[in-house]
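Undergrad: Any chance you could fold what I've pasted below:
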Amino acid sequence: MSPAPATAVSRLASIVGEGNCTGDASECARYAVDGKTPGAVVRPGSAEEVAEVVRFAAAEKLALIPIGSGSKLGIGMPPARYDVAVDMRRMNGVVAYDPGDLTLSVEAGIGVRDLFDALAAHGQWLPLYVPWFERATLGGVLASDSVSPLRYMFGGPRDFLLGLEFVTADGNLCKSGARVVKSVAGYDIHKLLLGSLGTLGVLTRANFRTFPLPRAQRCFVASYADLCAAWEFCRRIAQSPLRPALVEVLDPGAAAIIGHEKLPGGQWSVVVAAIGHEAVVERHARELAQLAQQTKAAHFEALEDADKQALLERVREFLRIVSEQYPEAVVLRSGILPTTAVNTCEQLAAAAASHGLQCSTLIRAGAIAYSILRPAGGTGVAIGATAAQAMMEAASGVAPTVIEHCPAALKQRVNVWGPVREDFELMKRVKRVFDPHGILSPGRFAGGL
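TA: Residues are numbered from 1 along each chain as shown. Down below sits the predicted model:
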């Protein structure tokens with residue numbers, strides 16, 4: 001870390017307060033990213049303090065990484081430089097909330113669970129039903145563009161995000177979008193920051209359109225012998241008047257990882273959830289049963305409340321469960337099309353088998369396939385770099401694919417972002433505009449941005 005750690009820590013402490021800055025080695029180690037540890041940790045309490053911290057870092061050429069709970073730090077490449085961790089969790093307040101207008105403005109460090117509780121008190125919610133739900137912060141969810149199972153009905157965060165406040169690499173506090181639904185003029189600059197892993201700016205505040213809490217909710221499970229039959233069920237749902245909130249397709253391996261008794265062993269399972277008015281939910285129950293019968297499901301069941309809640313929570317937490325049960329697994333995330341989903345998943349599974357890997361598949365919201373790769377002979381053996389690289393190349397050949405999670409050591413030999421994209425030159429120009437000093441999470445995004 002440059003300048004001398006003591007000097008930098010002293011200056012940072014003058015910005016955020018003595019108790020909110022440390023250079024203690026053991027404390028800094030808690031903020032390590034892929035084996036790289038910062039020399040200082042700061043905990044700003046306002047957007048103005050964030051801006052001043054960034055201005056100081058830019059002047060001293062210190063590299064910053066914004067951090068919430070740390071649940072998404074495994075995404076991306078190791079940082080090229082890492083001097084200061086910016087812990088955003090002190091900034092966890094509700095700035096403005098108008099339940100009657102269905103609009104909300106909150107600080108980026110607020111926990112997703114805390115946000116849900118605050119909205120529920122007014123009979124409202126946000127469809128941010130994301131992994132690490134009890135731990136994740138809003139800023140981390142947005143910076144990683146975390147995928148919710150509810151994407152099937154609601155889309156991603158960009159579809160109900162109205163605006164952002166953020167600090168650029170030169171320490172300017174910027175705003176994009178608005179706090180009300182009707183203000184739609186101008187460019188949606190804020191959407192560039194979604195999924196950028198903190199490489200374009202430090203998120204300080206987000207504005208959302210909220211939703212009324214659904215009056216009823218039901219969950220259904222249909223089981224099939226293979227993916228083709230399971231996908232035919234999904235295809236018929238998409239072509240019907242039904243609008244379920246969630247449609248997840250799990251192969252036998254993914255079902256075993258989730259570990260719920262209502263997911264039959266050895267079969268492909270389709271988990272469907274319906275929310276809304278009682279009449280809407282009841283219609284889903286009737287017509288999904290008919291579709292399951294028409295597609296010759298081996299089993300179809302509407303779950304009771306306790307089973308329903310437990311299964312939906314474990315489906316939501318699939319990636320967290322994988323990371324805890326199989327820390328050395330490699331998780332591929334592939335964008336798929338409904339018309340090519342079966343072929344894509346079959347090719348991914350075949351490519352994994354050809355390299356001696358076991359592949360468990362979960363298809364989320366009909367648009368994203370997660371492939372969990374483990375050695376076929378055991379669970380405690382790391383996947384070699386050669387096999388991981390070959391699998392990455394094979395996957396990228398059939399669908400846009402990245403490695404979302406893998407051991408840090410593997411990232412030294414495999415590029416988790418895959419081949420350089422055609423729009424990489426444009427991405428570099430955007431990075432230079434937002435971060436000309438190269439101090440914001442350097443190296444973590446595609447192409448070393």
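Undergrad: C-alpha only now, for contacts and for neighbours.
TA: Noted.
Undergrad: Off-centre distance for the helix or strand that Pro66 is a member of?
TA: For Pro66, the host element (DSSP states H and E) is strand 64-67. Relative to its chain's centre, strand 64-67 lies at 17 Å (C-alpha atoms, centre = their mean, to the nearest Å).
Undergrad: If we go by neighbour counts, what in it is buried?
TA: Buried residues in strand 64-67, counting neighbours by 16 or more other C-alpha atoms under 10 Å, are found at Leu64, Ile65, Pro66, Ile67.
Undergrad: Let me see the residues that make contact with it.
TA: Outside strand 64-67, the residues that touch it by C-alpha atoms under 8 Å, 6 or more residues apart in numbering are 54, 57, 82-88, 140, 198, 202, 439-441.
Undergrad: Quick check: the farthest pair among the residues you listed?
TA: The most widely separated members of these, counting by C-alpha to C-alpha, are Ala57 and Gly140 (21.2 Å).
Undergrad: circling back: quick one: which of the buried residues of strand 64-67 is nearest Phe233?
TA: Ile67 (40.8 Å).
Undergrad: Report the separation between the two terminal residues of stretch 255-265.
TA: 7 Å (C-alpha to C-alpha, to the nearest Å).
Undergrad: Then stretch 221-232?
TA: Taking C-alpha to C-alpha, stretch 221-232 runs 15 Å from one end to the other.
Undergrad: List of residues touching it?
TA: Outside stretch 221-232, the residues that touch it by C-alpha under 8 Å, 6+ apart are 249, 251, 262-264, 266-272, 292, 295-303, 342.
Undergrad: Which of those residues fall in strands?
TA: Residues of the contacts of stretch 221-232 located in strands (DSSP state E): Val249, Trp268, Ser269, Val270, Val271, Val272, His299, Phe300, Glu301, Ala302.
Undergrad: What about these, which one has the most neighbours?
TA: Neighbour tally across the ones in strands among the contacts of stretch 221-232 (other C-alpha atoms under 10 Å): the maximum, 30 neighbours, falls on Ser269.
Undergrad: Could you pull up the residues touching the residue nearest to Leu119 when sequence neighbours are not counted?
TA: Spatially, and ignoring its direct neighbours in sequence, Leu119 is nearest to Trp125 (5.3 Å; C-alpha to C-alpha, 6 or more residues apart in numbering). Contacts of Trp125 were listed using C-alpha under 8 Å, 6+ apart, and they are Phe116, Leu119, Thr210, Phe211, Pro212, Leu213.
Undergrad: Now Trp125: phi and psi?
TA: Phi and psi for Trp125, reported as degrees, to the nearest 10, are phi -160, psi 170.
Undergrad: Beta-bridge partners for it, please?
TA: Phe211 (DSSP bridges).
Undergrad: ok, it to Thr103 distance?
TA: Taking C-alpha to C-alpha as the measure, Trp125 falls 11 Å from Thr103.
Undergrad: Tell me if Arg113 really is in a strand.
TA: No - secondary structure of Arg113, determined by DSSP: H, G, I helix; E, B strand; the rest coil: helix, with no strand assignment.
Undergrad: Before I go, just wanted to say thanks for your time.
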